[in-house]
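# turn this into a structure:
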Amino acid sequence: MIRVNVFVEGQTEETFVRDLLLPYFANQGIYLNAILAQTSTGHRGGIVSYGKVKHQVTRLCRQDKGAFVTTLIDYYGLPTDFPGLDSQEQDAQLRVSALEAAFAADINESNFIPNFLLHEFEALLFCEPKKFADWLDDDAPVARLEAIKASFDSPELINNSPQTAPSKRILALVPEYRKTLHGPLIAEDIGLDIIRAQCPHFNDWIERLQALAH
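You can find the predicted model right below:
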């Protein structure tokens with residue numbers, strides 16, 4: 001049995017791992033366990049500094065050497081003290097891969113598999129915008145969400161700024177969107193196969209985890 005502890009930054013990602021990824025990987029003999037980031041004593045969720053992330057991830061790696069540890073953290077909005085975040089690489093895929101390499105080198109644990117969502121969780125929801133209508137009882141924003149998607153080669157490339165990040169674009173068109181409620185439900189409706197087909201960086205992470213079984 002292969003066990004993977006998934007260090008997640010919030011309740012949305014925790015639900016996504018539990019409801020979508022866990023059953024998918026269990027069929028392959030890989031068992032995922034979502035562990036929510038702790039920001040302070042008694043408070044869970046959120047990434048406030050690299051120091052706190054490093055402490056928690058390192059502890060996870062060392063306390064159970066028989067399990068792997070990976071992360072599900074948004075690239076957008078990362079604290080500025082993350083190693084490798086000052087990269088001048090213009091290509092988003094290469095920039096995030098370099099950031100993951102720097103993260104792995106700094107943690108320096110053999111059972112650690114770094115991963116960032118490019119650019120954030122909501123990018124995955126752009127894989128099939130029509131699914132918003134099913135949960136929000138309103139299909140008016142769908143065409144505009146589709147138009148945004150069409151202007152990028154991949155949902156993962158939707159921009160990284162306070163105005164243009166995927167979540168900001170969704171909220172501008174769908175004010176009633178609630179990340180922790182609607183996000184995992186829409187992602188589950190879209191399905192992992194469609195997300196993997198349209199999001200190459202996310203798919204690379206899935207393949208890295210699948211390779212643990214071989």
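# what sits closest to residue 197 if chain neighbours are left out?
Of all residues not flanking residue 197 in the chain, residue 203 sits nearest, at 7.5 Å (CB to CB, 6 or more residues apart in numbering). In short, each C-beta sits where N, CA and C put it, glycine included.
# let me see the contact set for that neighbour.
Counting by CB atoms under 8 Å, 6 or more residues apart in numbering, residue 203 makes contact with 195, 196, 197.
# pick the one among these closest to residue 113.
residue 196 (16.8 Å; CB to CB).
# and the closest one, helix, strand or coil?
Classification of residue 196 using DSSP: H, G, I helix; E, B strand; the rest coil returns helix.
# and it, how far from residue 23?
15 Å (CB to CB, to the nearest Å).
# looking at the two, which one has more neighbours?
residue 196 (17 against 11; other CB atoms under 10 Å).
# quick check: closest non-adjacent residue to the more buried one.
residue 203 is the one closest to residue 196 (CB to CB, 6+ apart), at 4.3 Å.
# just the buried residues of the helix or strand hosting that neighbour, please?
Assigned by DSSP states H and E, residue 203 belongs to helix 200-210. Across helix 200-210, burial judged by 16 or more other CB atoms under 10 Å covers 201, 202, 205, 206, 209.
# going along the chain, name the strands of the chain.
Secondary structure of the chain (DSSP state E): strands located at 2-8, 30-36, 38-40, 43-44, 68-74, 112-113, 116-117.
# contact partners of the last one?
Think strand 116-117. 71, 72, 73, 74, 75, 78, 96, 99, 100, 123, 124, 202.
# in a markdown table, list the residues you listed along with pLDDT and distance to residue 39.
Shown next, in a markdown table, are those (pLDDT from 0 to 100; distance: CB to CB, whole Å):
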| residue | pLDDT | distance to residue 39 |
| --- | --- | --- |
| 71 | 98 | 15 |
| 72 | 98 | 16 |
| 73 | 97 | 13 |
| 74 | 96 | 15 |
| 75 | 95 | 19 |
| 78 | 94 | 15 |
| 96 | 96 | 23 |
| 99 | 96 | 21 |
| 100 | 97 | 22 |
| 123 | 98 | 24 |
| 124 | 98 | 24 |
| 202 | 98 | 25 |
